[in-house]
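With the input below, show me the fold.
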Amino acid sequence: MNLLKYLCVALIIAGSTSSTIAQKFGFINSQEIIQNLPEVKEANSNIEAFQTQLQKKGQEMIQVLQAKYQEIEKNRDQYSPVQLEAEAQKLKSEETKILEFEQSSQQKILEKSETLLAPIRTKIEQAIQDVADENGYDYVFDYSLGFVLYADPSTDLGPLVKAKLGM
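All right, here's what the predicted structure looks like:
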C-alpha cells in the first residue's frame, strides 16, 4: 500500500515537472512599442491640442477677471461700501467658476485621453496575445515594467508584435 502511495506522488511530481518544463516564456518592451506606434503619436497630438484649447479658454477667463478687478480698484471711490461688497461677491463667484472650469478641464482631458488611447491599448494587447498564441508562448512579461531581471534576447517578442501591428 505504501508503495502505491509513493508511486502516485512520484507520478504527480513528474507530471507537474513536465508541464513546467514545457511552458514557454517571452517578453516585450511595451513602452518602446507605444512610443513608436504612429496612432499613439497622433492621439497624443490631439490630446495636446485639446489641452491647449482648454488652457487658452482658461487664460481668457482669468484675463477678464483681472480686468474687472482692475476696473473696480480704479473706480473704487465711485462705489458705496454696499456696492463694493456686491462687486466683490460677483468677482468671488467668477473665481469659483474659473476653478470649476480648471477642474472640469482636467477631467475632460483625462476622458479624451482614455477615449483616444483605449482602442490603441486594446490593439496592442491583442497583437501581443496573437503573437503569443501563434508562437506557443504561455507567458509574456513586460520588460518596461521592471519585473524582468534577465531575459534571453531570443525570447523578445517585440519584433513579432511590431510586425503584427504593421510597424
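
switch to C-alpha atoms for all contacts and neighbour counts from now on
Fine.

C-terminal to the longest helix anywhere in the chain, what's the next element?
What stands out as the longest helix in the chain, according to DSSP state H, is helix 81-135. Where DSSP states H and E defines the elements, the next helix or strand beyond helix 81-135 is strand 139-142.

For the longest helix of the chain, which helices and strands make contact with it?
Other elements packing on helix 81-135 under the criterion 3 or more Cα pairs under 8 Å, 6 or more residues apart in numbering; DSSP states H and E are helix 38-74, helix 158-164.

now it against helix 38-74, angle please.
Here helix 81-135 points in a direction 170 degrees away from that of helix 38-74 (axes from the mean of the first three to the mean of the last three Cα atoms, to 10 degrees).

Measure how far helix 81-135 is from the centre of its chain, please.
12 Å (Cα atoms, centre = their mean, to the nearest Å).

And Gln126, how far from Asn75?
The gap separating Gln126 from Asn75 is 65 Å, by Cα to Cα, to the nearest Å.

and the two? which has more neighbours close in?
Neighbours were counted for Gln126 and for Asn75 using other Cα atoms under 10 Å; Gln126 has more, 15 against 9.

pretty sure Glu94 contacts Leu65?
Yes: contact status for Glu94 versus Leu65: in contact at 7.1 Å, counting by Cα atoms under 8 Å.

Could I get the CA-only coordinates of stretch 118-126 as CSV?
In CSV, the C-alpha atoms belonging to stretch 118-126 read as follows (Å, rounded to 0.1, in the frame of the first residue of the first chain):
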residue,chain,number,x,y,z
ALA,A,118,-8.0,52.8,-25.0
PRO,A,119,-8.6,51.4,-28.5
ILE,A,120,-4.8,51.6,-29.2
ARG,A,121,-4.1,49.7,-25.9
THR,A,122,-6.6,47.1,-26.9
LYS,A,123,-5.0,46.8,-30.3
ILE,A,124,-1.5,46.3,-28.7
GLU,A,125,-2.8,43.8,-26.2
GLN,A,126,-4.5,41.8,-29.0
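
which other residues reach it?
Here stretch 118-126 makes contact (Cα atoms under 8 Å, 6 or more residues apart in numbering) with Glu39, Val40, Val161, Leu165.

again, but for stretch 130-143
For stretch 130-143, with Cα under 8 Å, 6+ apart as the criterion, the contacting residues are 23-30, 147-148, 157, 160-161, 164.

just the buried members of those?
Applying 16 or more other Cα atoms under 10 Å to these, the neighbour count classes Phe25, Gly26, Phe27, Ile28, Asn29, Ser30, Leu157, Leu160, Val161, Lys164 as buried.
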